[in-house]
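1. Okay, here's the prediction I keep looking at, along with the sequence it came from:
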Amino acid sequence: MTAPRIGVLTLQGDFEAHAAALARIGVEAVGVRTPERLEGVDGLVIPGGESSALLKLMAPLEFLPALAAYHAEGGAIFGTCAGVILLAARVTDGVDDDGSQTSLGLLDVDVARNGYGRQRESFATRLEVPAIGSDPLDAIFIRAPRITRVGDGVDVLARHDGEPVLVRSGRLLGATFHPELTGDGRLVRYFVDAVVAPRTTEPEVPCPRV
Ligand code: GLN
């Protein structure tokens, strides 16, 4: 099988760190700044940043319907932090007048923006993530969203203080933290190998619930 093509949404946020994290595991990502650039991409990373700013930049390009079509046609998406806010079914503490915020609704979770509040707006911790191995994963949370509901078809791959922080549903992976900011490439590797291009000739990499 040829290596999957991985894209990084380069509209806003820490996309350079994501491209560097992919490069560290030997994947040269393509920058996706317009919907046309999704052509030929098998897996897309939506980086952390500011979800409301991302939405403003996406609107004139009609990026949201393009992402929905991309996913419907088999494209995988890894949403990190602001990225998981965009993937969610419902968003609270958003920028709209009623407190919600536009989202793709592809991943059946609800999220509260900036859900850890001022006290813990940013923190680092270690997570048990059995899907990527037994060594804990360093995780950095920056004004992170909180996942407040997880739908039936969504697997929780990691929790922090009992709450889901890493979830997967089919070709969608969502992390409320920033996997690109540590030297540990295992989660990015998991996205590329197990979410974007699971082998069909061998048993799929198990995705244990925690
Ligand atoms: N709080 C940001 C938002 O609402 C997300 C923060 C992040 O991506 N690090 O989009």
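-> Sure thing, it's come through.
2. Strands of the protein, residue ranges please.
-> For the chain, applying DSSP state E gives strands covering 6-9, 30-32, 43-46, 76-80, 88-92, 107-112, 122-127, 137-142, 146-150, 155-160, 163-169, 172-175.
3. Any chance of the backbone angles for Asp152?
-> The phi/psi pair for Asp152 (degrees, to the nearest 10) reads phi -60, psi -40.
4. one step back: and the strands of the chain: which comes nearest Asp193?
-> Closest to Asp193 of the strands of the chain, according to Cβ to Cβ: strand 43-46, at 10.1 Å. Where you see a C-beta, it was placed from the backbone N, CA and C, and this is true even at glycine.
5. does any bit of that closest one sit next to the ligand?
-> No - judged by Cβ under 6 Å from any ligand atom, strand 43-46 stays clear of the ligand, getting no closer than 9.7 Å.
6. what sits opposite the residue most central in space within the chain in the beta ladder?
-> Nearest to the mean C-alpha position of the chain, by Cα atoms, centre = their mean, lies Gly79 at 1.6 Å. Beta-bridge pairing for Gly79 (DSSP bridges): Ile46, Gly174.
7. Now for it: which residues touch it?
-> Ile46, Ile85, Leu86, Leu87, Leu107, Leu172, Leu173, Gly174, Ala175 (Cβ atoms under 8 Å, 6 or more residues apart in numbering).
8. Show the pLDDT at the nearest residue to the second one once chain neighbours are set aside.
-> Nearest residue to Ile85 in three dimensions, chain neighbours excluded: Ser51, at 4.1 Å (Cβ to Cβ, 6 or more residues apart in numbering). Note on Ser51: pLDDT of 97.
9. Pull the most distant pair out of the contacts of Gly79.
-> Ile85 and Leu173 (14.2 Å).
10. Show me which residues of this structure sit near the ligand.
-> Counting by Cβ under 6 Å from any ligand atom, the chain comes close to the ligand at Gly48, Gly49, Glu50, Ser51, Cys81, Ala82, Ile85, Arg113, Asn114, Ile142, Arg143.
11. one step back: of the contacts of Gly79, closest to the ligand?
-> Set against the ligand, the nearest of the contacts of Gly79 by Cβ to the nearest ligand atom is Ile85 (5.2 Å).
12. Quick check, that closest one in contact with Thr92.
-> No - in terms of Cβ atoms under 8 Å, Ile85 does not count as a neighbour of Thr92; the distance is 10.3 Å.
13. Find the residues that touch each one of these two.
-> Contacts common to Ile85 and Thr92, judged by Cβ under 8 Å, 6+ apart, are Val111, Arg113.
14. Please say which of these two ends up with more neighbours.
-> Higher neighbour count among Ile85 and Thr92: Ile85, with 31 against 17, using other Cβ atoms under 10 Å.
15. which residues touch that one?
-> With contacts defined as Cβ under 8 Å, 6+ apart, Ile85 is in contact with Ser51, Gly79, Val91, Gln101, Ser103, Val111, Arg113, Pro145.
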